[in-house]
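1. what would the 3D arrangement of this be:
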Amino acid sequence: MWGAIALYGQFENFMSHPYSSFDCTSADFEKAALNRFRSLVTFLPQDCKVFREPWDCSTVLCLDFVNCPDYLNSVKKQAHLLVSAAQELGLANAIIFRIGSKFMGWRGNSY
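-> Numbers count the residues shown, from 1 in each chain. Below is the predicted model:
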C-alpha cells in the first residue's frame, strides 16, 4: 500500500509542475504504475507484455510471454515477487501467465 501512496505522491508532484504537458487521466496513472512495476521486477523480459484486465469481480495483472515463451518457467518461479510488487503498487492481487490467448497459470496473494 505504501508503494501505491508513494507512486501517487510522485504522480501528484509531477502533475503540479507548471511546465508539465502530462495529460492527467487514469490511463496515464496506470501506465506510470506499470512502468514502475517493470522497474521493480528487473528479471521480467522486455518482450513480455504487461497489462491489467478484469477477471471475475477484480482486476488481475497479465503477463503475456507470446514474444518470449522461453522465459515463462523461470519467471513463474519468482511469482511471489511479481505479486508483491503488483500489490505494493496497487495494480492487482493476482498475476495471470499467458502465451498469447493460452492460459499458462496464475499466482495470487497468500493471505
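2. check what contacts stretch 104-111 and list those residues.
-> With contacts defined as Cβ atoms under 8 Å, 6 or more residues apart in numbering, stretch 104-111 is touched by 60, 65, 72, 76, 79-80, 82-83, 87, 93-98. In this view, the C-beta of every residue, glycine as well, is placed from N, C-alpha and C.
3. next, count neighbours for Thr25.
-> For Thr25, the neighbour count with other Cβ atoms under 10 Å is 9.
4. same check on Ala92?
-> Around Ala92 there are 22 residues (other Cβ under 10 Å).
5. among the contacts of stretch 104-111, which lie within strands?
-> Members of these lying in strands (criterion: DSSP state E): Val60, Ala94, Ile95, Ile96, Phe97, Arg98.
6. worst-scoring helix or strand of this structure, pLDDT-wise?
-> Within the chain, no helix or strand scores below helix 2-16, which has a mean of 48 by mean pLDDT, DSSP states H and E.
7. quick one: name whatever helix or strand follows that one.
-> helix 26-40 (DSSP states H and E).
8. chain center to that next one: distance?
-> From the chain centre to the centre of helix 26-40 is a distance of 7 Å (Cα atoms, centre = their mean, to the nearest Å).
9. in its sheet, what does the next helix or strand along the chain from it sit against?
-> Using DSSP H and E, the helix or strand that follows helix 26-40 in sequence is strand 49-55. When sheet partners are counted by DSSP bridges, strand 49-55 sits next to strand 58-64 (antiparallel).
10. for the partner strand, output the C-alpha coordinates as PDB.
-> Taking C-alpha atoms only, strand 58-64 is exported to PDB below (Å, rounded to 0.1, in the frame of the first residue of the first chain):
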ATOM      1  CA  SER A  58     -11.500  -7.900  -9.600                       C
ATOM      2  CA  THR A  59      -8.500  -6.900 -11.800                       C
ATOM      3  CA  VAL A  60      -5.500  -9.100 -12.500                       C
ATOM      4  CA  LEU A  61      -2.100  -8.300 -13.900                       C
ATOM      5  CA  CYS A  62      -1.500 -10.300 -17.100                       C
ATOM      6  CA  LEU A  63       2.000 -11.300 -18.200                       C
ATOM      7  CA  ASP A  64       1.900 -12.400 -21.900                       C
END
